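**Student:** What follows is a predicted protein model with its sequence.
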Amino acid sequence: MFEKLKDFISSKVKISDDEILLVQPYLSVKKYSKNEFIIKEGNYCQFIGFLNSGLIRSFLYDNGKELTTQFIFENCFFTYLEGLLQPIPSHKNFVALEDCEAIILNKADLPKILELNPKFESIFRHLLFDESLMQIKANEAERKETLTERYLKFLQQFPTANNRIPIKYTASFLGIEPQSLSRIRKRLALGRK
């Protein structure tokens, strides 16, 4: 159950299994059903999660319209990042697109874990850096790349996306209408860009 998390941590920092086991008493496993809200707008997020299986969509409302901000696939951490260091309510929703299993760490236990071993602080720095870098790249891509290029890059990053994510959510994430994404998919299927 914790193997994927161990593998992820080991990929970021050189750490022994015994060191990783120090954290295990602070972790719990939570299952979410398809379409279940994991974090709701206006609520305080009290945890950091690692997605063992399933798929999560993060979205917010803009003038009553849902805007997809992120997809969280297996082997990724998730939380309301803006509320990680200070207690502010979430302005986003996180909902399970599939049945999910996550490993959960209560945010109140984070200082204890960081005290256990300095390597854990390094892991969290990596996570924050990766999240920031992802946001920067997404903003740059939106300004520089065509919709087709952004869609192809999305598929490269998430090869199973078309089979797992409804087109309306992918279109929302890319900032286009579903009909426009359908036309892009059709052109690509015909071998044209």
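**Tutor:** Received the coordinates, thanks.
**Student:** any low-confidence regions in this structure?
**Tutor:** For the chain, the stretches flagged by pLDDT under 70 are 1, 138-142, 192-193.
**Student:** Give me the domain ranges for it.
**Tutor:** Listed domain ranges for the chain are 1-120, 139-193 (source: automatic domain parsing).
**Student:** who wins for proximity to Ser132 among the ones you listed?
**Tutor:** Judged by Cβ to Cβ, the one of those that comes nearest to Ser132 is domain 1-120, at 9.2 Å. Backbone N, C-alpha and C define where each C-beta goes, glycine included.
**Student:** buried set for the longest helix seen in the chain?
**Tutor:** The residue-count maximum for a helix in the chain (DSSP state H) belongs to helix 118-144. Neighbour-count burial for helix 118-144, counted by 16 or more other Cβ atoms under 10 Å, picks out Lys119, Phe120, Ile123, Phe124, Leu127, Glu131.
**Student:** just those residues now: which is nearest Ser58?
**Tutor:** The closest of the buried residues of helix 118-144 to Ser58 turns out to be Glu131 (Cβ to Cβ; 11.7 Å).
**Student:** tally of neighbours for the closest residue to Leu128 other than its chain neighbours?
**Tutor:** Setting aside the residues directly before and after it, Leu128 is nearest to Leu81 in space (Cβ to Cβ, 6 or more residues apart in numbering), at 7.7 Å. The number of residues packed near Leu81 is 19, by other Cβ atoms under 10 Å.
**Student:** That concludes my questions; thank you for your assistance.
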